[in-house]
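Novice: Task: produce atomic coordinates for the following.
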Amino acid sequence: MDVRQGEKDKTWFRSERVLHINDKWFFLTREQTQEGPFATRGEAERELNYYIRNMNHFAVIRNP
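Specialist: Numbering: from 1, shown residues only. Next up is the predicted model:
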């Protein structure tokens, strides 16, 4: 796996980021925020993918 410049190689662990709480769906971010609620798991997963894509895009803009 590629690592960011200046970081040591790490072992990464995946965890479930989509949660179902009281009939509503949420996702957790690396920044420790909980986003939602969403009506379905699919909607939460789609929004999580948008979130990740946007965060990656902004990271490139800040560090070209």
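Novice: Could you list the buried residues of the lowest-mean-pLDDT helix or strand in the chain?
Specialist: Considering only helices and strands, the least confidently modelled element of the chain by mean pLDDT, DSSP states H and E is helix 41-62, at a mean of 90. For helix 41-62, a neighbour-count test (16 or more other CB atoms under 10 Å) marks 44, 47-48 as buried. Yep, even glycine has a C-beta here, placed from its N, CA and C like the rest.
Novice: from those residues, which single one is nearest residue 18?
Specialist: The shortest approach to residue 18 among the buried residues of helix 41-62 belongs to residue 44, at 5.0 Å (CB to CB).
Novice: May I ask you to confirm that the closest one is in contact with residue 38?
Specialist: Yes: checked against CB atoms under 8 Å, the pair residue 44 and residue 38 is within contact range at 4.1 Å.
Novice: Give the intersection of the neighbour lists for the two.
Specialist: Taking CB atoms under 8 Å, 6 or more residues apart in numbering as the contact rule, the neighbours common to residue 44 and residue 38 are 25-26.
Novice: what's the span of stretch 24-43 from first residue to last?
Specialist: Start to finish, the residues bounding stretch 24-43 are 11 Å apart (CA to CA, to the nearest Å).
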